[in-house]
Each structure stands twice: as C-alpha cells, then as structure tokens.
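1. Below are the sequence and a predicted model for it; my questions follow.
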Amino acid sequence: MNSLIKNKLSFMMFLEFFIWGAWFVTLGTFLNINLKAEGFEIANVFSTQSLGAIIAPFIVGMIADRYFNAERILGVLHLVGAFLMYQMYQAQDYSGFYPYVLSYMILYMPTLALTSSISFRQMLNPEKEFSGIRIWGTIGWIAAGLSISYLFKWDASASEGALSNTFLMAGIASLTLGLFSFILPKTPPVKSNDGEKASFASIVGLDAVKLLKDRNFFIFFISSVLICIPLAFYYQNANLFLTEVGLENPTGKMTIGQVSEVLFLLLLPVFFSKFGFKKTILVGMLAWAVRYLLFAYGNAGELSFMLILGIALHGICYDFFFVSGQIYTDSKAGEKYKSAAQGLITLATYGVGQLIGFWVAGFIENKYKDLKGTDLAGFWEQTWIVPAGIAFVVMLIFLVFFKDEKVKSAE
C-alpha cells in the first residue's frame, strides 16, 4: 500500500470514530440535563444504536455490496448524517430529538462496515496492515473526548446545556468525512470467484446459523448476547454517573478506557497463546463484574482511584472478550463462513444483546429513581450492582458449560 492511500485510510478512520466519540460518550448526560429525559426515554435513545446495528447489514448487503461503490455510499451517508446532527443540535426536547437520532444511527452503523471494507480492499496483507489503520479510529475517539473536557470544557458546563455543542462538532466532522469520502480509493461491489455477487444471506450472517449446532459455539453465542447487557449499562450510564458524583473532566478521563484498549490489544496475543481462549474470555467477563463493583463503591473523593481503575479496565473488558471472540468465531467458521459468522456475532451483540441491555438499564433507573433525590450514592450503587451480578452469572455459565478447546488461528 502506498503512503498516500495509507494516509487517506488513516484520516478516514480518525474521522469515523471521532464523530462517534464526539457525541455518544456524553449522550446520557446530555439527555438527562438538556432534555430532562429519564429511564426508558434514555434507554430508547441508546437503543437506536442497536436498531442501527440490526438494520446495517441489510443496508450494506442490499445496496453497498451489490450495486454501488462503498466509498460513494460512505460519502452520502455521512453528508446526510451531518444534516441530522445539526437537527439533533437544535432539538429542545426528547420528542424532537428521537426521530433524528434514530435516523442517524440507522445511517451511521453501516459506515462502520463500509470503512473496514474500503480499508481491506486496499491491503495485500490485512493481518499486518489493518491494525496500523484501525488504531487511528481509537485515536480519533480519544481526541473527541479530550476536546470535550480539556479544549472546550463542555462537560464542566454541562449544567448550562453546553453538551449540545457536541452534536455541532460531530456534524462538522461528518460533513468533512462525507466530502472526503469521494476521493477515497475506488471500492466497487465484490463478485465471488464464479462471477456472482455475494448472497444476501451470507452478507447478513444467515449462512452461519448452522454453526450454532456446535455446542461450544452455541454457549459462546449465548454468552456474547448476555454479556452485552452489562456493556449497555456502561454506554448508557457511565458519563452521567461520573458527572453526577463530581469526577472532574469525566469525558476526558473516560478516554483512559481507549488507551487501555490499545495496550491490552497488544497484550492479547501473548495472553491468548499462553492461557488459551476459555481463560482469556473468562478474564474479560470477570473484568466486567469487577469494573461495576468499583463503580458501585467508589466515589469522586478519596476513593476516586476506584472510578479511574474501573474506566481503565475497559481494555480487558472489551479486548479479552470481544476481540478474542472474533478470533474464536473466525476459527470455528472455516473459510466458507468467515464473513457470515462475524456478521452473525455482530448482529447478536451490538444488535440484540445491547438492545436488551439498554432496556434493562432503563428499567433499573426507573426502579431506583426515587433514591436519586435523597441518596445519589445509594442510587448509583444499586444501579451498578445489577450489571456486576449479570456479568458474574454469565461468567459462571461460560465456565461450567464451555469445554476448553484449542483455537488454531490464535497460535
């Protein structure tokens, strides 16, 4: 890959995740403070990510992978996304905000697959080259969080409604990426070896359903769905929690999680080869439970280190479960079903699993909302104990029912 293409793909990844990190991290706080949303209203907004993840394969499968160049679809989606971001910036209440965020997420989630597809098509050795491109996405997310906390100080002025500016920032970045996409390398629809375009069933992951006949893969699949319930609690509540308990510069400090993600991604192959898949994924599940217990019993004063440690565990939580899970899925699928299997797991986790998780998080908030006015610490303690318990139960299910096996592609 020549340096010009590499730089273009890196900038594409930077903007792609800068856009997401610019508004999604502080979304819960914005909804609570700016729009006075509660419980299931907040859950419904966050659920748009899952609905977008469910619909995304159909958009990519029916349009991008069949009829049009991926870079053109990416450009159009981000240009429309910029308009929707501006509408979200102007929204004054939940009812005026929800239609735009739903429309936006239905359009944004397919761009995650499109950016990967555009990148892979330019690479001769994706195993070595992709990480160098993808890491710019993480840098983009970190840059967005640091900008909110330390450059613009919007989360310090959250009570004054300053977080609405995050949508304007994301909209400008979306407009930039939309225009930039049209000068990305041409990425036309892919045809199979026999000249036929990939089947729709393969694109959306339906061809991989037969893998569920394998007992181990079935247990992994169910565990993947269930572990996304506590994951949804983090996305929906973490920034609001850190803001309400008084942690300074919460959005900037949450970028520690992305730094941790990069570090543990580098450590994952070593851990994987030494301890195997089952132990690796169990450590990831345990980290979710520990993280939420740290949130439940930490505070922004003398125990603030517990909150920082909980954020820093993100690398283990995400990499040791989701990345190792992708490796496992790849090894189980075989050459024929690799793409379909990854599509199935993505649909199950970001789609179904997190959709359930956001609703459960909304239910828990409603259940304990009376505590919030009288005992804020008690409210958050009860809120975080629930996902800690769920993660621990999922870990036990996986420990008991999953039989250890060697994962060849990880060696």
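-> Everything's here; your move.

2. Mind checking what helix or strand follows whichever helix or strand Pro269 is part of in sequence?
-> Assignment of secondary structure by DSSP states H and E places Pro269 within helix 256-297. Under the assignment DSSP H and E, the closest C-terminal helix or strand after helix 256-297 is helix 304-312.

3. Can you list the helices and strands that that next one packs against?
-> Contact analysis of helix 304-312 by 3 or more C-beta pairs under 8 Å, 6 or more residues apart in numbering; DSSP states H and E lists helix 250-254, helix 256-297 as its packing neighbours. To be clear about C-beta, it is placed using only N, CA and C from the backbone, and glycine gets the same treatment.

4. OK, contacts around Trp355?
-> To be clear, residue 355 is Leu; Trp isn't right here. With contacts taken as C-beta atoms under 8 Å, 6 or more residues apart in numbering, Leu355 has the following neighbours: 47, 50-51, 54.

5. And Val394, by the same measure?
-> 223, 226-227, 230, 285.

6. And it, how far from Phe220?
-> Relative to Phe220, Val394 is positioned 11 Å away (criterion: C-beta to C-beta, to the nearest Å).

7. What of Ala158?
-> The gap separating Ala158 from Phe220 is 39 Å, by C-beta to C-beta.

8. before we move on, what about Leu355?
-> As it turns out, when the distance is counted by C-beta to C-beta, Leu355 lies 19 Å from Phe220.

9. Where does Met123 sit, in terms of helix or strand?
-> Judged by DSSP H and E, Met123 forms part of no helix or strand.

10. Quick one, grab the pLDDT at it.
-> The per-residue pLDDT reported for Met123 equals 85.

11. List phi and psi for it.
-> When read as degrees, to the nearest 10, the backbone of Met123 gives phi -110, psi 140.

12. OK, contacts around it?
-> Contacts of Met123 were listed using C-beta under 8 Å, 6+ apart, and they are 1, 129-130.

13. go with 10 Å
-> When the contact criterion is C-beta atoms under 10 Å, 6 or more residues apart in numbering, the partners of Met123 are 1, 5-6, 9, 129-130, 132-133.

14. ditto for Tyr328
-> By C-beta under 10 Å, 6+ apart, the residues touching Tyr328 are 216-217, 220, 224, 272, 277-278, 280-281, 341, 345, 405, 407, 409-410.

15. distance of Arg134 from Val76?
-> Arg134 sits 23 Å away from Val76, going by C-beta to C-beta.

16. In terms of neighbours, single out the busier of the two.
-> Taking other C-beta atoms under 10 Å, Arg134 and Val76 do not tie; Arg134 has more neighbours (19 against 15).

17. model confidence over the helix or strand harbouring the more buried one, on average?
-> Secondary structure from DSSP H and E places Arg134 in helix 126-146. Per-region confidence: helix 126-146 scores 89 on mean pLDDT.
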